[in-house]
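Participant: quick one, structure for this:
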Amino acid sequence: MAFSKEIYEARRARIEKAMGGGLLLFLGNGIASFNYPDNNYQFRQDSTFLYFFGLDYEGLAAVIDIDNNKTIVFGDELTIDDIIWTGVQPTIAEKCAAVGVTETLPMSELANYINAAKSKKQPIHFIPPYRGHTILWLQELLGVPVNTAAGDAFVAGMPVATPSLEMCYNVADMRNHKASEEIAEIEKAINITVKMHCKAVQMVQPGMNEKDIAAAVMEVALREGYYYSFPTIATSHGQTLHNHGYIHILNDGDLLLLDAGAENEMHYAGDLTTTMPVGADYTSRQKDVYNVLINSYKTATTMIRPGITYREVHVAVWAKIAEGLKALGLMKGDAMEAAEAGAVAMFMPHGLGHMMGMDVHDMENYGEVYVGYPRGAQKDSRFGFRSLRLGRTLEPGFVFTVEPGIYFIPELIDQWKAAGKFSDFICYDKLEAWKDFGGMRNEEDYLITETGSRHLGLRKPVDIEEILACKNGTFTPYE
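Facilitator: The predicted model follows:
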């Protein structure tokens, strides 16, 4: 599936204008072997290649040669041996015509084209590679070792080829501002993601295994003809932020944290998190913390708008969490001071959200600082702050997650307590009784509009009453 060819033509024209000159090199993804050559991971095309060329096929590369006014896709036609296993496909020329590219060449000609550019000392721009095969391919094409961090464009004679910082910034600026057709695709993915979460809330009960939930929500995506946009997190140990083990039996009184998303046919993503009781209801202690969490989430959603930095929103959410935990006797002192100092990272060590699009963490292969921060900015290196993937001023067209969490991580509590860290803000004597709590998070996806923000897709259950209604079969996702 692809958008109209006019969309891809317009995107390529914009990046040509933004870059001004040089040769832009785009390497599509190939098949990656799972454990031997004929047993492969599911194919996933490179998102930057998809954005400019819309060709969801393995074995392709492309150049936009600005200096010579050429756009060429390189690839080889299927042989009869290929067709036996994969079936018939359109020709390379037919595929390319659908996205507005008229010139194609066999893959063997790519090296010749790059060598000609090198001989003329033409700047060759490329995006940071993230797969080992692509790194090796680039090294072979360019004839020198390849860095994976962005810098200046490769010019012949340099001992190392470095991804183009200017290309990263320009492509990120384009992809960060979602067009209406992209927003429609993202909402399709979110709507299926909501179904995944409702399925989990409705089926979870004591005696189940975490893997039962993980399997069920992934089935929802697959039955819709979708895939999942990242490995599902379904855990009763939510204090471990990326817990993919699926090894625990669920007990009455446990919380289940589900972080799961669908990726649709156009490869746009949804990303939601729900924290639900395994039994019939939350415990009183869980309700207390969950209400703090949802109050912090609503603080964020009322603040997001054009012109505000997401760092400001992050700090305000931390302050709201500090205020709520202070009421529970777990923190003390001024809530905003605790937030600005970084003390609340004890309970929320991750950032408030990230850009989202064709990559669920959109373009993080470029480098977080080039996507989520203004040009030339550096991230705050302090614990908690350094995990804020999105810290820049919000602009119309941005799509991102809002995902505050509250976690009680025994190892972090012990380490900070032993060091006397932030003892003016954290009530360590009270925290001992909370080490078995686990963690919770709530996450939804938002678009910045010209005047404010808009929640994307159907609304999943968020408030305690909605989650309990969903468990009882009386909650219906709404706009």
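Participant: and stretch 205-215, end to end?
Facilitator: This stretch, stretch 205-215, spans 15 Å end to end (CA to CA, to the nearest Å).
Participant: what comes up buried for it?
Facilitator: By 16 or more other CB atoms under 10 Å, the buried positions in stretch 205-215 come out as 208, 210, 212-214. C-beta: built from backbone N, CA, C; applies to glycine.
Participant: run the chain-centre distance for the lengthiest helix in the chain.
Facilitator: Of all the elements of type helix in the chain, the one with the most residues (DSSP state H) is helix 180-203. Put simply, helix 180-203 sits 15 Å off its chain's centre (CA atoms, centre = their mean, to the nearest Å).
Participant: tabulate the CA atom coordinates of it in CSV.
Facilitator: This file holds the C-alpha atoms of helix 180-203, laid out as CSV (Å, rounded to 0.1, in the frame of the first residue of the first chain):
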residue,chain,number,x,y,z
SER,A,180,-3.5,14.9,7.2
GLU,A,181,-3.1,11.6,5.3
GLU,A,182,-0.6,10.4,7.9
ILE,A,183,-2.8,11.4,10.8
ALA,A,184,-5.6,9.3,9.3
GLU,A,185,-3.3,6.3,9.1
ILE,A,186,-2.0,6.8,12.7
GLU,A,187,-5.6,6.9,14.0
LYS,A,188,-6.3,3.6,12.2
ALA,A,189,-3.4,2.1,14.1
ILE,A,190,-4.5,3.7,17.4
ASN,A,191,-8.1,2.4,17.0
ILE,A,192,-6.9,-1.2,16.7
THR,A,193,-4.5,-0.6,19.6
VAL,A,194,-7.5,0.4,21.7
LYS,A,195,-9.2,-2.9,20.9
MET,A,196,-6.0,-4.7,22.0
HIS,A,197,-6.1,-2.9,25.4
CYS,A,198,-9.8,-3.5,25.9
LYS,A,199,-9.3,-7.2,25.2
ALA,A,200,-6.7,-7.4,27.9
VAL,A,201,-8.9,-5.5,30.5
GLN,A,202,-11.8,-7.8,29.7
MET,A,203,-10.0,-11.1,29.9
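Participant: could you list the buried residues of it?
Facilitator: Applying a neighbour-count criterion of 16+ other CB under 10 Å, one finds 182-183, 185-201 buried in helix 180-203.
Participant: do the same with stretch 118-137
Facilitator: Across stretch 118-137, burial judged by 16+ other CB under 10 Å covers 118, 122-129, 134-135, 137.
Participant: and what of stretch 235-244?
Facilitator: Buried-residue list, stretch 235-244, by 16+ other CB under 10 Å: 235-241, 243.
Participant: ok, of those residues, which one's closest to residue 253?
Facilitator: residue 236 (9.9 Å; CB to CB).
Participant: show me where the chain dips below the pLDDT cut-off.
Facilitator: 156-158 (pLDDT under 70).
Participant: tell me the centre residue of it?
Facilitator: residue 361 (1.6 Å; CA atoms, centre = their mean).
Participant: so what's it up against?
Facilitator: Residue 361 makes contact with 354-355, 389, according to CB atoms under 8 Å, 6 or more residues apart in numbering.
Participant: narrow the buried residues of stretch 205-215 to those in helices?
Facilitator: Short answer: these in helices (DSSP H) are 210, 212-214.
Participant: turn those into JSON lines, columns for distance to residue 8.
Facilitator: Below are those laid out as JSON lines (distance: CB to CB, whole Å):
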{"residue": "210", "distance to residue 8": "42"}
{"residue": "212", "distance to residue 8": "42"}
{"residue": "213", "distance to residue 8": "39"}
{"residue": "214", "distance to residue 8": "36"}
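Participant: which one of these sits closest to residue 341?
Facilitator: Set against residue 341, the nearest of those by CB to CB is residue 210 (35.6 Å).
Participant: list the contacts of the closest one.
Facilitator: Residue 210 touches 234-236, 245-248, 250, 256, counting by CB under 8 Å, 6+ apart.
Participant: just the buried ones from those?
Facilitator: Here, 16+ other CB under 10 Å leaves 234-236, 246, 248, 250, 256 buried among the contacts of residue 210.
Participant: could you report the neighbour count for the residue nearest to residue 187 when sequence neighbours are not counted?
Facilitator: In space, and not counting its chain neighbours, residue 187 is closest to residue 457: 4.6 Å by CB to CB, 6 or more residues apart in numbering. Residues near residue 457, counting by other CB atoms under 10 Å, number 21.
Participant: and for residue 271?
Facilitator: Neighbour count for residue 271, taken as other CB under 10 Å: 26.
Participant: thought it was touching residue 232?
Facilitator: No. When contacts are counted by CB atoms under 8 Å, residue 271 is not listed as touching residue 232 (11.1 Å).
Participant: list residues touching both of the two?
Facilitator: Here residue 271 and residue 232 have residue 259 as joint contacts, going by CB under 8 Å, 6+ apart.
Participant: now the helices for the stretch 251-400 of the chain?
Facilitator: With DSSP state H, counting those that start in this stretch, the ranges of helices along the stretch 251-400 of the chain come out as 284-303, 310-327, 335-341, 368-372.
Participant: for residue 330, see how far away residue 435 is.
Facilitator: Residue 435 sits 12 Å away from residue 330, going by CB to CB, to the nearest Å.
Participant: do the same with residue 312
Facilitator: With the distance defined as CB to CB, residue 312 ends up 24 Å from residue 330.
Participant: give me the more crowded residue out of these two.
Facilitator: residue 330 (23 against 14).
Participant: give the contact list for the more buried one.
Facilitator: Counting by CB under 8 Å, 6+ apart, the residues that residue 330 touches are 426-427, 430-431, 434.
Participant: go on, residue 381?
Facilitator: Residues near residue 381 by CB under 8 Å, 6+ apart: none.
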